[in-house]
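S.K.: need coordinates for the below:
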Amino acid sequence: KLRDNLLALEKASGIEPANIGILHDENELSFELRHLADAFQAAGREAILADARDLKIENERLTYQSQPLSLVYNKFRISTPHSPNHCWRDGFEARYAAFLEAQQEGLVVSVNNLVGLTVGESKALLAVLRHPDIQSQLSDEERRLVQNHVLWTVRLADGPADFHGETIDL
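M.R.: Modelled structure (predicted):
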C-alpha cells in the first residue's frame, strides 16, 4: 500500500515522526488526497491537507499552522521555467520557499506523485486503463489493481463512455 510504503520511508529517514502533510499547490486540486489522508488516519497518524504555500520552518521543523510535519506527499511537481509543460508562474521559489528549504536541509521526508510522469504527462491517459480493449489484455491481478487504485477517468467529449461496465452518454 502507498500509505505503508510512505510510512516505511519516514521511519528509515530517522526524522522524528510528527504530522503528515498532504500537499496541494496553487491550483488547489486535491482529488484523491482526502482518501490518502483518511488512510493515514486509519493507521493512527494525523494527516493534514495543506496548501504548500502556507508551510513554514519553525524550530528546525517544517510546519503547517505551527504543527510539525515529518512526512509530506505532494501532488505537484517542482518545475522551472525551462521544464517541459511548465505551468508555474514566476515566483515559484518564493511561494514554496519553506517546502524547498525543508527538502534541501533534510528536515522532512518528501514524496511526489512523479511516477505518473513515466506513464504520460496527461492524467487523461489513465482512461486507457479502463478501456475494454485494454482491460481484456490485463491479468486478473492487474484488473483488480486498476479497479482498486485508478480512479475512473475519461476524456470529456460528446458521446458514449464505458462507466463501470455500462455505456453512458456524456
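
S.K.: give the contact list for residue 1.
M.R.: Residue 1 is in contact with residue 39, counting by Cβ atoms under 8 Å, 6 or more residues apart in numbering. Backbone N, C-alpha and C define where each C-beta goes, glycine included.

S.K.: next: residue 54.
M.R.: The contact partners of residue 54, by Cβ under 8 Å, 6+ apart, come to 64, 65.

S.K.: residue nearest the centroid of the protein?
M.R.: The centroid of the chain falls nearest to residue 75 when counting by Cα atoms, centre = their mean (3.6 Å).

S.K.: please name the nearest non-neighbouring residue to residue 131.
M.R.: Ranked by Cβ to Cβ, 6 or more residues apart in numbering and with sequence neighbours excluded, the top spatial neighbour of residue 131 is residue 162, at 7.1 Å.

S.K.: part of a helix, is the one you found?
M.R.: No: counting by DSSP: H, G, I helix; E, B strand; the rest coil, residue 162 falls outside a helix, being strand.

S.K.: I'd say it and residue 130 touch.
M.R.: Yes: using Cβ atoms under 8 Å, residue 162 is in contact with residue 130, at 6.6 Å.

S.K.: of these two, which one has the most company?
M.R.: It is residue 130, of residue 162 and residue 130, that has more neighbours when counted by other Cβ atoms under 10 Å, with 20 against 15.

S.K.: next, that one: phi, psi?
M.R.: Per-residue torsions, residue 130: phi -100, psi -10 (degrees, to the nearest 10).

S.K.: model confidence for residue 156, exactly?
M.R.: Here the pLDDT value assigned to residue 156 is 68.

S.K.: can you check residue 151 too?
M.R.: pLDDT for residue 151: 72.

S.K.: contacting residues around residue 74?
M.R.: Contacts of residue 74 (Cβ under 8 Å, 6+ apart): 23, 24, 25, 52, 99, 110, 111, 112, 113.
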